[in-house]
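# My questions concern the predicted model and sequence given below.
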Amino acid sequence: MTPTVVLHGYEAVKEALIDHGEEFSGRGSFPVFDKISKGLGIILSRGNRWKEMRRFSLTTLWNLGMGKRTIEDRVQEEAQCLVEELRRTNGEESFVL
């Protein structure tokens, strides 16, 4: 048996997650997944390991550019590179590794 809390209504959820965020920050256990993953990874881990992995992942993604530019900007940049390459090769077939 595992103690479970069920929250109903906007105010109850808001109070729990904002005013008592640390107490409600835990994640439930799934024995089958725990056996397979051994508690590792981002999705299936819990406790301090989960917090550390989440912090590391968000920092790494931020350093790689997540949240700094929109996907539209990236698509346009890649499209421009493709157009430049096509102009350079006059549309001829080329093999690039």
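Received, thanks.
# The nearest residue to L40 once chain neighbours are set aside: what secondary structure?
Excluding the flanking residues, the one nearest L40 by CB to CB, 6 or more residues apart in numbering is R49, at 7.5 Å. No exception for glycine: its C-beta is placed from N, CA and C like everyone else's. Recorded secondary structure, R49: helix (DSSP: H, G, I helix; E, B strand; the rest coil).
# Check which helices and strands the helix or strand of the chain with the lowest mean pLDDT is in contact with.
Scoring the helices and strands of the chain by mean pLDDT, DSSP states H and E places helix 31-37 at the bottom, with a mean of 76. Contacting helix 31-37 under the criterion 3 or more CB pairs under 8 Å, 6 or more residues apart in numbering; DSSP states H and E is no other helix or strand.
# who touches it?
44-45 (CB atoms under 8 Å, 6 or more residues apart in numbering).
# quick thing: my sequence starts at 2, can you match it?
New numbering, starting at 2: the last item is helix 32-38.
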